[in-house]
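Q: The sequence and its predicted three-dimensional model are supplied below.
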Amino acid sequence: DAGVIQSPRHEVTEMGQEVTLRCKPISGHDYLFWYRQTMMRGLELLIYFNNNVPIDDSGMPEDRFSAKMPNASFSTLKIQPSEPRDSAVYFCASSAGGQETQYFGPGTRLLVL
Amino acid sequence: AQTVTQSQPEMSVQEAETVTLSCTYDTSESDYYLFWYKQPPSRQMILVIRQEAYKQQNATENRFSVNFQKAAKSFSLKISDSQLGDAAMYFCAYRTSFGNEKLTFGTGTRLTIIP
């Protein structure tokens, strides 16, 4: 099994630019999660989907952040416009309904200058 | 809201020795899941072990075991025969059994292995 795949692994951009992070969940998993990890706030859930439908987006920091899941094998997290305080590691995770374990991707390290 | 507390920001242990990492949580629910994740320098989040609250038996995975004290809301991780590859950040996490699927994480414990 390939595991959760995220791209890019590293992203450096300038303030004001649009950033798109991508995730491919494990095949057959129907839950997909986006987390953000920072030194100040630790690991926090941004949003999660079930069967491609957003279920809880209460962790999305503000309107600059948006997430989509057009199909069962692909999701994006977009930041527009990006700001230096968005610098963090963004993780995607997936799980199968009825299974409580979430499997994480390798993360995307975002630096906004 | 559920909270997870890891009171040890850093721990160190001699190689081949045993170390215990602490985790406490606060919840009003009776059924839930608890996890320990390991994050090595590569930043990959790796599941170490999980425990279902309705099970009294402590979970074990090779050198890793937990001491789950439901009444005390405590969930510690014991690593036996510590190896250099165990050096990492360790995160305790909580998930409810019903409704929201989200994981609530503690702040982590950085474990150093001394050769």
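A: Structure's in. What do you need? Numbering: from 1, shown residues only, chains lettered A, B, ... in the order given.
Q: what's around A:K68, how many residues?
A: When neighbours are counted by other C-beta atoms under 10 Å in any protein chain shown, A:K68 registers 15. Just so you know, the C-beta spots here come from the backbone N, C-alpha and C atoms, and that holds for glycine as well.
Q: Not counting its neighbours along the chain, what's nearest it?
A: Nearest residue to A:K68 in three dimensions, chain neighbours excluded: A:T76, at 5.3 Å (C-beta to C-beta, 6 or more residues apart in numbering or on different chains).
Q: Now the element after the helix or strand harbouring A:S66, going C-ward?
A: Here A:S66, judged by DSSP states H and E, is contained in strand A:65-71. Heading C-terminal from strand A:65-71, the first helix or strand you meet, by DSSP H and E, is strand A:74-79.
Q: Listing partners with orientation, what would you give for that next one?
A: According to DSSP bridges, strand A:74-79 forms sheet pairs with strand A:19-24 (antiparallel), strand A:65-71 (antiparallel).
Q: for chain A, what are the nearby residues on chain B?
A: B:33, B:35, B:37, B:42-47, B:50, B:52, B:91, B:95, B:97, B:100-103, B:105-108 (C-beta under 8 Å from any C-beta of the partner chain).
Q: Let's see that with 7 Å instead.
A: B:33, B:43-45, B:47, B:50, B:91, B:95, B:100-103, B:105, B:107-108 (C-beta under 7 Å from any C-beta of the partner chain).
Q: tell me the least confident of those residues?
A: Taken together, the residues of chain B next to chain A show their lowest pLDDT at B:N100, with 68.
Q: Looking at strand pairing, list the partners for B:S76.
A: Applying DSSP bridges, one finds that B:S76 bridges with B:N67.
Q: Actually, B:A88.
A: Applying DSSP bridges, one finds that B:A88 bridges with B:L111.
Q: got it, and the one 4 residues further on?
A: Taking DSSP bridges as the rule, B:C92 bridges to B:W36.
Q: Can you report how many residues neighbour residue 72?
A: Using chain A here. Neighbour number of A:A72 under other C-beta under 10 Å is 16.
Q: Switch to chain B, please.
A: Residues lying near B:A72 (other C-beta under 10 Å) number 9.
Q: again with A:E18
A: 11.
Q: try A:V89
A: 18.
Q: Spit out the contact partners of it.
A: A:Q37, A:G107, A:T108, A:R109, B:R43 (C-beta atoms under 7 Å, 6 or more residues apart in numbering or on different chains).
Q: ok, these vs A:A2, which is closest?
A: A:G107 (15.8 Å; C-beta to C-beta).
Q: what's around the closest one, how many residues?
A: Counted with other C-beta under 10 Å, A:G107 comes out at 24.
Q: Look up the pLDDT of it for me, please.
A: 96.
Q: is it true that it touches A:Y90?
A: Yes. Using C-beta atoms under 7 Å, A:G107 is in contact with A:Y90, at 6.5 Å.
Q: follow-up on the earlier one: drop the exposed ones from the residues of chain B next to chain A and show what's left.
A: Neighbour-count burial (16 or more other C-beta atoms under 10 Å in any protein chain shown) applied to these gives B:33, B:43-45, B:50, B:91, B:95, B:101-103, B:105, B:107-108.
Q: Where does chain B get nearest to chain A, residue-wise?
A: Nearest residue of chain B to chain A, counting by C-beta to the nearest C-beta: B:M45, 3.7 Å away.
Q: what sits against the most centrally placed residue in chain A?
A: Centroid-nearest residue in chain A, with C-alpha atoms, centre = their mean: A:W34, separated by 3.3 Å. By C-beta under 7 Å, 6+ apart, the contact list for A:W34 reads A:L46, A:I47, A:A67, A:L77, A:Y90, A:C92.
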